[in-house]
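In: sharing a sequence plus its predicted fold:
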Amino acid sequence: MAARLLDASTVESVSEVFRLLGDPTRVRIVDALTQGERCVCDLATLVGLTESAMSHQLRLLRAARLVRVRRAGRHAYYSLDDDHVAGLVYDTRKHVLEGHS
């Protein structure tokens, strides 16, 4: 019986998520958002980026549906799209730390 493998489209989508999370800055952003919703200016300060650079990174994460935005007047507030995103980082962190025990 043949193993059931991911279809090509799914493989591409999963690869794209890992490519995006392969960047340390974006991992820091996701980590910061595990604590809850934050505005661009707070994220920029936490991660050490300009607001413009932070907005660029958030656009990439949003396009991949890893984060979502809520607008309130002139401000944009970002949060993780769902708990699976936090789980990706948490599970990977757990895996890395287990390898160093």
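Out: Alright, I've got the coordinates.
In: what's the neighbour count on residue 30?
Out: Neighbour count of residue 30, defined by other Cβ atoms under 10 Å: 20. The way it works is simple: take the backbone N, C-alpha and C, and place the C-beta from them, glycine included.
In: ugh, typo on my part, it should be residue 26
Out: 21.
In: was I right to think it contacts residue 17?
Out: No. Between residue 26 and residue 17 there is no contact under Cβ atoms under 8 Å: 10.6 Å.
In: and the residue nearest the centre of the chain, what helix or strand is that in?
Out: Centroid-nearest residue in the chain, with Cα atoms, centre = their mean: residue 30, separated by 4.2 Å. In this structure, residue 30 sits in helix 24-33 according to DSSP states H and E.
In: quote the end-to-end distance of stretch 71-78.
Out: End-to-end distance for stretch 71-78: 9 Å, by Cα to Cα, to the nearest Å.
In: buried ones in it?
Out: 76-78 (16 or more other Cβ atoms under 10 Å).
In: got it, and stretch 83-90?
Out: Quick answer for stretch 83-90 (16+ other Cβ under 10 Å): 85-86, 88-89.
In: what's in contact with that stretch?
Out: Contacting residues not belonging to stretch 83-90 are listed as 17, 21, 27, 30-31, 33-34, 66-67, 80 [Cβ atoms under 8 Å, 6 or more residues apart in numbering].
In: next one: stretch 63-73
Out: For stretch 63-73, the surrounding residues in contact (Cβ under 8 Å, 6+ apart) are 16-17, 20-21, 29-30, 33, 37, 58, 61-62, 76-81, 85.
In: so how do I select the buried members of the residues you listed in PyMOL?
Out: Remark: buried members of the contacts of stretch 63-73, expressed as a PyMOL selection using 16+ other Cβ under 10 Å:
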select buried, resi 17+20+21+29+30+33+58+61+62+76+77+78+80+81+85
